[in-house]
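Peer 1: okay, sequence plus prediction incoming.
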Amino acid sequence: MTQQKHYPQHIDLEPVLHAQGTVRLPGSKSISNRTLLLAALSEGTTTIHDLLASDDTMVMLGALRSLGIQWDEVDERTVVVHGNGGELPNHEADLFMGNAGTAIRPLTAALAVIGGDYTLHGVSRMHERPIGDLVDALNEVGAQIEYTGEQGFPPLRIRRGRVNPQRIAVRGNVSSQFLTALLMAAPLMAKTHPVAIDVVGELISKPYIEITLNLMRRFGVEVEQNGWASFTVHPGQRYQSPGTIHVEGDASSASYFLAAGAIAGGPVRVEGVGEQSIQGDVRFADALERMGAIVTRGDNWIEARSNGVLKAIDADFNHIPDAAMTIAVAALYADGPSTLRNIASWRVKETDRLAAMATELRKVGAEVEEGPDYIRITPPEELKPATIDTYDDHRMAMCFSLASLDGKARRGNAMRINDPKCVAKTFPDYFEAFAGIARDELF
């Protein structure tokens, strides 16, 4: 779908005196991959506009093609998916899932319910990312999923089982993607009777479940919700194509540019998300406001500008774990120590983000306290130039570009970002977009 782009081994960022401009966001990864799978499982043909063109969506598109789902590329951001009504033409497939959690988790549930003989595997980091809670939930109701490597982690072998539950339980405290996977597969199970999904323990990242429920409604399936404790899908519902659907801009990607405006003058406007967004990560803008930034919003845009030195923040970021990484770097420009709490899920993402963030923040001069589910950042008097390692994690690369900015409190410094190709996972043109808001005059 997208051409391979060449990236250097590293990118050197010079200090940026002022950030100002407008950025058109790429499509949301979370919405793109959910929409692709729902379109494949639907009756009818779906035209998807503004689809994210990235490594993770390429993984999902490749998997769908291997499963026999036909799709046509209209242009780089538009794909037409020919749904197959909840069936898959190919009952055997070997699926490479890269490091795309938004692809492997929902596909695992759908394939286990539909049945066949499938293997799912990915890059080495994918084989370190837990999937045991989802596999256990499915196997307990008749699925036949085996681990071909370490127990609790991909790779997986899925064989034809007999999945016909009335209730299914899943833990909610490791990844909301496990619940998303079961919700998306629930209409395939609820052919003759209701299927209830019970959440065991705390459910993290609730806004991502809201995305799932919203998109299921767009494809004709209503979910009865009992708070965040259980979800019921009643029989007789089948996914139906909405005909045409537009993917919102990625709210997590918006965070870098909004933070840039808050740190280095602004205004910086992002287009593609706004007050009507279904993504929880738009709440990142609320956190920036708590830190003193001036934020304005429209239906399809958000804008941030500086209002003096950022204020330190102490807050629970369980609801926006991805965008919270941007707050960790913005904290370098705050007037005191900031604490980000309830972010244990960082440890099972593309890398152990708590450990990685602590290591790289120390390189630029911050004092960092890393806990099991929190991080406390004391900004330095002066940011140091540094070579930032990115751990094959797109968000590490994008976050630390912000350390090159000049804020009211302290000046940014030269940053070398190693392995910048990792941004291809969600935002292949990130560094070009960042350069587009960089100005060489003071504010």
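Peer 2: Perfect, I can see it now.

Peer 1: tell me which residues touch the closest residue in space to residue 194 that isn't next to it in sequence, please.
Peer 2: Leaving aside its sequence neighbours, residue 194 sits nearest to residue 234 (C-beta to C-beta, 6 or more residues apart in numbering; 5.0 Å). C-beta here means a position set from N, CA and C on the backbone, and glycine is covered the same way. If you count contacts by C-beta atoms under 8 Å, 6 or more residues apart in numbering, residue 234 has them with 190, 194, 222, 224.

Peer 1: now do the contacts for the first one.
Peer 2: Contact analysis of residue 190 by C-beta under 8 Å, 6+ apart lists 233, 234, 235, 237.

Peer 1: which stretches of the stretch 51-200 of the chain form strands?
Peer 2: 70-75, 78-82, 92-96, 117-121, 144-147, 156-159, 167-171, 195-200 (DSSP state E, counting those that start in this stretch).

Peer 1: how far away from the center of its chain is the third one?
Peer 2: Taking C-alpha atoms, centre = their mean, to the nearest Å, the mean C-alpha location of strand 92-96 is offset from the chain mean by 23 Å.

Peer 1: kindly report the same for stretch 186-202.
Peer 2: That offset, for stretch 186-202, works out to 24 Å (C-alpha atoms, centre = their mean).

Peer 1: what average pLDDT does it get?
Peer 2: Averaging pLDDT along stretch 186-202 gives 97.

Peer 1: end to end, how far does that stretch reach?
Peer 2: Distance across stretch 186-202, first residue to last, is 21 Å (C-alpha to C-alpha, to the nearest Å).

Peer 1: shouldn't residue 298 be in contact with residue 274?
Peer 2: Yes. Taking contacts as C-beta atoms under 8 Å, residue 298 lies within contact range of residue 274: 5.1 Å.

Peer 1: these two - which one has more neighbours?
Peer 2: The neighbour comparison of residue 298 against residue 274 (other C-beta atoms under 10 Å) goes to residue 274, with 20 against 12.

Peer 1: now do the phi/psi pair for that one.
Peer 2: The phi/psi pair for residue 274 (degrees, to the nearest 10) reads phi -170, psi -150.

Peer 1: can you report how many residues neighbour the closest residue to it other than its chain neighbours?
Peer 2: Nearest non-adjacent residue to residue 274, counting by C-beta to C-beta, 6+ apart: residue 300, 4.4 Å away. By other C-beta under 10 Å, 15 other residues sit near residue 300.

Peer 1: residue contacts, residue 300?
Peer 2: So residue 300 contacts 271, 272, 273, 274, 276 (C-beta under 8 Å, 6+ apart).

Peer 1: helix, strand, or coil at the third one?
Peer 2: Yep, that's residue 273 we're talking about. Secondary structure state of residue 273, per DSSP: H, G, I helix; E, B strand; the rest coil, is coil.

Peer 1: now it: how far from residue 418?
Peer 2: Remark: distance between residue 273 and residue 418 (C-beta to C-beta, to the nearest Å) = 29 Å.

Peer 1: which one's more surrounded, those two?
Peer 2: For residue 273 versus residue 418, the count of surrounding residues by other C-beta under 10 Å is larger for residue 273: 27 against 17.

Peer 1: contacts for stretch 158-171 next, please.
Peer 2: So stretch 158-171 is in contact with 108, 111-113, 115-120, 133-134, 137-138, 140-146, 178-179, 182, 189, 193-201, going by C-beta under 8 Å, 6+ apart.

Peer 1: cool, thanks, talk later.
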